[in-house]
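*Asks:* Let me see the structure of the following:
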Amino acid sequence: MGSFSDGDSAEILNACGFRLLASGESTEAVGCFERALKLAPANPVILNNLGNALIKLERYDEAREAYQKAINAKLDYPKPYANLALLYQLTDQPENAIAAYEVYLSKAPNDGEAQHNLGLLYMNAGRREDATIAFAAAATLLQPGDAESATNLGVGHFFRGEYDRALQLFEAALAFDDSYVQARYHLAVALLHLGRCRESIAALETVMAMSPDYPQAKSALGVAYNTAHEPVKAISIFEELLAVQPRDPGHLLNLGYACHDAGFVERAVECFEQVVASETSADHLRRKARKALEDLHHE
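*Replies:* You can find the predicted model right below:
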């Protein structure tokens with residue numbers, strides 16, 4: 001499958017490279033796309049495909065260069081903008097990812113998945129109004145045809161405070177695939193926001209049994225226990241988390257809440273003060289910690 005004749009056209013080489021990439025033979029695909037580009041050096045489709053193959057090999061700088069060349073070759077070709085946004089997400093460059101998605105969606109506004117991804121990026125950047133608009137757009141475009149799409153839709157509704165609808169979508173996702181951990185995690189968080197703490201705890205414990213390293217599941221379990229008026233269990237969970245991440249301001253804040261609810265006021269004050277003083281605390285965490293300290297002083 002990797003042998004070609006000297007007479008192969010750029011189109012044939014590109015098609016062969018695409019098949020190689022789809023079958024997981026990324027290195028061979030890169031070679032095929034590079035041969036095609038010798039024949040058609042400014043072909044945006046081949047340049048975009050080369051970028052996709054390079055990403056699979058984690059050759060991110062080269063992939064970015066390939067996508068940029070594809071964009072320069074044809075400014076109105078949307079695919080490299082979307083792939084560039086994904087590359088920036090992979091390499092933890094959220095502002096660049098936002099910019100790339102915005103350009104892509106100006107050219108392909110009906111891509112619901114991209115609208116959803118942009119909504120998540122806006123949400124993480126604290127741009128709530130922009131996130132709401134992006135999630136609303138995604139909701140009109142995406143259909144819950146599988147576990148992933150149902151979960152994505154649910155996340156958008158959850159962010160807009162529509163917890164009952166979000167819960168329905170997470171349940172639909174699990175009906176598609178009962179083993180889809182992401183849906184079960186978000187289901188647990190939605191249950192927590194609806195005050196159904198025991199169900200939330202059960203769902204989070206299932207998540208941790210299925211995927212012990214699932215991000216934020218253990219922290220959410222601690223919050224659920226504290227909300228269910230079991231602060232001692234919550235304290236134990238946040239202490240375990242802080243043993244691994246001793247200066248994490250989110251864990252410190254939640255430990256402070258649990259200590260306060262358990263009656264360990266001095267320790268709660270110490271936790272809140274650490275959050276306020278931490279250079280790594282996000283602004284919203286500092287605000288919550290200051291508010292907690294003010295409330296304690298008035299008790």
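*Asks:* Could you use CA atoms for every contact and neighbour count after this?
*Replies:* OK.
*Asks:* Let me see the contact set for Phe135.
*Replies:* Contacts for Phe135 (Cα atoms under 8 Å, 6 or more residues apart in numbering) come out as Gln115, His116, Gly119, Leu153, Gly156, His157.
*Asks:* Over to Pro144?
*Replies:* By Cα under 8 Å, 6+ apart, the contact set of Pro144 is Ala150, Thr151, Leu153, Leu169, Ala172, Ala173.
*Asks:* Switch the residues you listed over to TSV; also include neighbour count and secondary structure.
*Replies:* Listed next are the contacts of Pro144 as TSV, based on neighbours: other Cα atoms under 10 Å; DSSP: H, G, I helix; E, B strand; the rest coil:
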residue	neighbour count	secondary structure
Ala150	24	helix
Thr151	28	helix
Leu153	27	helix
Leu169	26	helix
Ala172	21	helix
Ala173	29	helix
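*Asks:* among those residues, which two are most distant?
*Replies:* Among these, the pair separated by the greatest distance (Cα to Cα) is Leu153 and Ala172, at 10.6 Å.
*Asks:* helix or strand for the spatially most central residue of the chain, which one?
*Replies:* Against the mean C-alpha coordinate of the chain, by Cα atoms, centre = their mean, the closest residue is Leu120 at 6.5 Å. According to DSSP states H and E, Leu120 maps onto helix 112-124.
*Asks:* what's the model's confidence in that helix, averaged?
*Replies:* Helix 112-124 carries an average pLDDT of 92.
*Asks:* could you give the angle of the next helix-or-strand element following it to helix 112-124?
*Replies:* Toward the C-terminal end, the helix or strand that comes next after helix 112-124 (DSSP H and E) is helix 128-141. Put simply, helix 128-141 runs at 160 degrees to helix 112-124, going by axes from the mean of the first three to the mean of the last three Cα atoms, to 10 degrees.
*Asks:* Check which residues of helix 128-141 are buried.
*Replies:* By neighbour count with 16 or more other Cα atoms under 10 Å, helix 128-141 contains the buried residues Arg128, Asp130, Ala131, Thr132, Ile133, Ala134, Phe135, Ala136, Ala137, Ala138, Ala139, Leu141.
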